[in-house]
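**Student:** model the following, please.
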Amino acid sequence: MARKVFFSFHYNRDVRRIVQVRNSWVVRRSGEAQPFYDKAEFEKVKKRVGGIEKWIEEQLKGTSVTVVLFGAETYNRRWVQHEIRRSYELGKGLLAIDIHKVKDPQLGADIPGKNPLDYWNVKGTPFSSLYQSYDWIDDDGYNNMPNWIESAAKAAGR
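**Tutor:** The predicted structure is shown next:
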């Protein structure tokens with residue numbers, strides 16, 4: 001089943017890694033992803049009434065899963081945290097994928113980062129215990145991400 005997916009990530013540091021991962025989803029016949037905005041478009045979004053928060057709400061509509069793509073500094077990004085919280089509140093499937101080993105064409109691999117799902121909990125149980133996390137390289141994300149997304153959607157009853 002084709003899933004509409006929201007990708008949450010730290011734009012400035014990881015955008016070239018994200019493009020590689022996201023494109024591996026989009027190029028599949030059954031893959032569908034949310035629009036990918038470049039920095040200039042993102043700056044316009046920030047200036048709109050309601051700004052980023054409104055844009056995030058619009059992008060989450062109709063999605064079944066939020067994929068948190070995390071690198072070295074993603075865990076403490078304000079909007080990533082907001083996207084995780086809203087995805088949970090809306091009953092979306094959630095999963096996290098470590099992308100620090102994906103080679104940025106200009107900078108190569110990065111240092112590991114903290115899993116953003118470690119910083120959220122339900123009654124003391126961290127999200128990282130409730131939702132799956134993967135490593136894009138070690139767990140063969142190119143071939144396995146569609147299954148990860150499907151599993152997250154089913155676990156959320158979607």
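**Student:** low-confidence ranges in the protein?
**Tutor:** The chain contains residues with pLDDT under 70 at 1, 25-50.
**Student:** in the protein, which spans are strands?
**Tutor:** Using DSSP state E, the strands of the chain run over residues 4-8, 32-33, 65-70, 93-98, 121-122, 125-126, 133-135.
**Student:** in JSON lines, list these along with mean neighbour count.
**Tutor:** Every residue, glycine included, has its C-beta placed from N, CA and C. Formatted as JSON lines, these follow (neighbours: other C-beta atoms under 10 Å):
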{"stretch": "strand 4-8", "mean neighbour count": "22"}
{"stretch": "strand 32-33", "mean neighbour count": "16"}
{"stretch": "strand 65-70", "mean neighbour count": "26"}
{"stretch": "strand 93-98", "mean neighbour count": "24"}
{"stretch": "strand 121-122", "mean neighbour count": "12"}
{"stretch": "strand 125-126", "mean neighbour count": "12"}
{"stretch": "strand 133-135", "mean neighbour count": "18"}
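**Student:** what's the closest of those to Arg78?
**Tutor:** Closest of the strands of the chain to Arg78 is strand 4-8, at 11.7 Å (criterion: C-beta to C-beta).
**Student:** what packs against that closest one?
**Tutor:** Where contact means 3 or more C-beta pairs under 8 Å, 6 or more residues apart in numbering; DSSP states H and E, strand 4-8 is packed against helix 11-26, strand 32-33, strand 65-70, helix 78-89.
**Student:** what's the most buried one of these?
**Tutor:** Most buried of the helices and strands packed on strand 4-8, by mean neighbour count (mean count of other C-beta atoms under 10 Å): strand 65-70, with a mean of 26.
**Student:** lovely, talk soon.
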